[in-house]
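Trainee: Here you go, sequence then predicted model.
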Amino acid sequence: TSLTNLGGSGCTSSAPCSACYGDCDSDADCAGSLACFQRGGTETVPGCTSGGSGDISGYDYCYGTDITAVATSFVSSAASAIAGQLPNMYAFLDGTSGTCISDGGGDMYDCGNQINVMTASGT
């Protein structure tokens, strides 16, 4: 979710903000179990996307403090970035004949062919 800035008094205890909205001054300015992430510059707000017109240096934003959600969000984005850098990525499957690569290429590494290759070589 992109950061959205509602101005210096955009979030108050009487009008609390949702995640990734600011500017908050305390946890009371954020809805429910959200907390106010205090920034000195443009630090990344957990669970929010940095940059854009709503990301104002020094402004504070509400964020989710559930560590599982924050960690899952970080790991998912990191895994996607890493996976995007791997050329010719294969899905490894545990088939009935053991671990194999199922890429549909019909080569010696496809599921089931590993046993045939080992049998043909006499091992």
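Mentor: Nice, thanks for sending it over. All figures in this text were calculated on a predicted structure; none of them were measured in a lab. Numbering: from 1, shown residues only.
Trainee: doesn't residue 21 make contact with residue 1?
Mentor: No. If you go by CB atoms under 8 Å, residue 1 and residue 21 don't touch, sitting 9.1 Å apart. C-betas here are computed from N, CA, C, even on glycine.
Trainee: More neighbours: which of those two?
Mentor: A side-by-side neighbour count of residue 1 and residue 21, using other CB atoms under 10 Å, places residue 21 first with 24 against 13.
Trainee: Could you double-check that the more buried one lies in contact with residue 10?
Mentor: Yes. Residue 21 sits in contact with residue 10 when judged by CB under 8 Å, with a separation of 7.0 Å.
Trainee: where along this protein do the helices fall?
Mentor: 67-83, 113-120 (DSSP state H).
Trainee: Determine which of those helices shows the lowest mean per-residue pLDDT.
Mentor: Comparing mean pLDDT over these, the weakest stretch is helix 113-120, at a mean of 43.
Trainee: residue ranges with poor pLDDT in the chain?
Mentor: Low-confidence segments of the chain, defined by pLDDT under 70, are located at 66-123.
Trainee: Sketch out the strands for it, chain order is fine.
Mentor: Applying DSSP state E to the chain gives strands spanning 4-5, 21-22, 35-37, 61-63, 92-95, 98-101.
Trainee: and residue 19, what is it in contact with?
Mentor: Taking CB atoms under 8 Å, 6 or more residues apart in numbering as the contact definition, residue 19 lies against 1, 30, 34, 47, 48, 62, 63, 64.
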